[in-house]
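A.B. asks: Show me how the following folds:
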Amino acid sequence: MKILIDTNVALDILIHRQPWYINSALIFSLTKQNLFQSYISASAVTGIFYLAQKDLGKKTTKEVLKKMLQVFKPATVTDDHIYQALDLDWDDFEDSIQYIVGESFSADYIVTRNIQDYASSSISAVTPEQFLQAVTTIHE
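C.D. replies: Below is the predicted model of the structure:
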């Protein structure tokens with residue numbers, strides 16, 4: 001199984017945002033156990049860094065982001081992905097790019113706290129809680 005981690009979920013882990021941290025961190029932990037493959041759009045990494053360093057500082061953000069990216073692999077964003085995202089009629093361009101990137105590696109899920117942002121997606125958008133329920137059901 002392959003999943004794309006949305007920016008908000010990555011930030012929940014990096015800066016321990018409550019009450020979302022526990023479920024998001026559990027996904028990180030399960031990915032480390034190789035139960036599935038998790039990715040973050042490479043284009044989202046700059047935004048994640050920018051937002052996290054406001055809370056953690058530059059040095060700490062670099063350290064924790066390096067650790068995160070060893071588990072949640074950066075998914076390449078190409079010029080074709082950008083052009084495809086520009087052709088989508090979505091409200092949020094970042095979400096458009098993430099969706100196209102997820103399509104490019106055949107993601108099974110986009111894990112996000114904003115599932116409504118992916119209403120037009122052919123990839124199932126689920127909250128961290130919903131994803132963990134799905135994984136629990138699969139492994140029973």
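
A.B. asks: Show the low-confidence segments of the protein, by residue range.
C.D. replies: Residue ranges of the chain with pLDDT under 70: 138-140.

A.B. asks: what about the strands in it?
C.D. replies: Assigned strands in the chain, in chain order: 2-5, 37-41, 72-75, 109-111, 124-126 (criterion: DSSP state E).

A.B. asks: So which of those is nearest I22?
C.D. replies: strand 109-111 (14.2 Å; C-beta to C-beta). C-beta here means a position set from N, CA and C on the backbone, and glycine is covered the same way.

A.B. asks: Report all helices and strands that that closest one contacts.
C.D. replies: strand 2-5, helix 93-104, strand 124-126, helix 128-138 (3 or more C-beta pairs under 8 Å, 6 or more residues apart in numbering; DSSP states H and E).

A.B. asks: let's see 6 Å
C.D. replies: When contacts are defined as 3 or more C-beta pairs under 6 Å, 6 or more residues apart in numbering; DSSP states H and E, strand 109-111 sits against strand 2-5, strand 124-126, helix 128-138.

A.B. asks: Just name the most buried of these.
C.D. replies: strand 2-5 (a mean of 26; mean count of other C-beta atoms under 10 Å).

A.B. asks: quick one: strands adjacent to that strand?
C.D. replies: Using DSSP bridges, strand 2-5 pairs in its sheet with strand 37-41 (parallel), strand 109-111 (parallel).

A.B. asks: and for it, what are the contacting residues?
C.D. replies: Contacts of strand 2-5 with the rest of the structure, by C-beta atoms under 6 Å, 6 or more residues apart in numbering, involve 37-40, 72, 102, 107-111.
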